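Engineer: Quick check, what structure comes out for this input:
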Amino acid sequence: MTVPKGGTETVQLTIHGDHLFFDDLQSPDAKMRFDAIAAADSAGVVGPDGEVTLDELGTVDLTTLPSGQYGTGGAGSVLTLRDFVTALVRTVGHYRGEGECSPRVR
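Structural biologist: Modelled structure (predicted):
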């Protein structure tokens, strides 16, 4: 959809917070997992403090996680749990129900 300069459009935007816990970037059969994210808390410099930071997620190499979990769909730049969660953020916002959001300025 293109909104002309000065124009308006009313849309339904949906935020799917559960997508942050999916274990695959591409599969429609992705499962929700949290163990690896929770375990990253103890990987931090401070040690377990009840907060998981992006820096802590960055210390978890995806190859150290159980086989078959955390599929990257061939994204070669996704190497750590931080990269993975950052990539998942793109799937959180939906436009008019289940449509993906891909905003761009024209």
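Engineer: my read: L20 touches F84, true?
Structural biologist: No: between L20 and F84 there is no contact, the gap being 10.0 Å when judged by Cβ atoms under 8 Å. All C-beta atoms are positioned from the backbone trio N, CA, C, and that covers glycine.
Engineer: More neighbours: which of the two?
Structural biologist: F84 (24 against 14; other Cβ atoms under 10 Å).
Engineer: Can you check the pLDDT for that one?
Structural biologist: With respect to pLDDT, F84 has a value of 92.
Engineer: Distance of it relative to Y95?
Structural biologist: Remark: distance between F84 and Y95 (Cβ to Cβ, to the nearest Å) = 23 Å.
Engineer: Please report phi then psi for F84.
Structural biologist: Backbone geometry at F84, expressed as degrees, to the nearest 10, gives phi -60, psi -50.
Engineer: so what's it up against?
Structural biologist: F84 makes contact with 25, 57, 62, 70, 72, 78, according to Cβ atoms under 8 Å, 6 or more residues apart in numbering.
Engineer: any idea which of those is closest to P4?
Structural biologist: Ranked by distance to P4 (Cβ to Cβ), those are led by L25 at 34.5 Å.
Engineer: can you count the residues close to the nearest residue to the closest one once chain neighbours are set aside?
Structural biologist: Using Cβ to Cβ, 6 or more residues apart in numbering and skipping residues adjacent in sequence, the residue nearest L25 is G73, 4.4 Å away. Counted by other Cβ under 10 Å, the residues lying close to G73 total 10.
Engineer: Pretty sure G73 sits in a strand.
Structural biologist: No: G73 sits outside any strand when classified using DSSP: H, G, I helix; E, B strand; the rest coil, being coil.
Engineer: quick one: the helices in the chain?
Structural biologist: 35-39, 54-57, 81-88 (DSSP state H).
Engineer: Give the rounded mean pLDDT of the shortest one.
Structural biologist: Just to be clear, that refers to helix 54-57. 92.
Engineer: Need the residue closest to the centroid of this protein.
Structural biologist: L88 (1.8 Å; Cα atoms, centre = their mean).
Engineer: hang on, it packs against D23?
Structural biologist: No: in this structure L88 lies outside contact range of D23 using Cβ under 8 Å: 9.6 Å.
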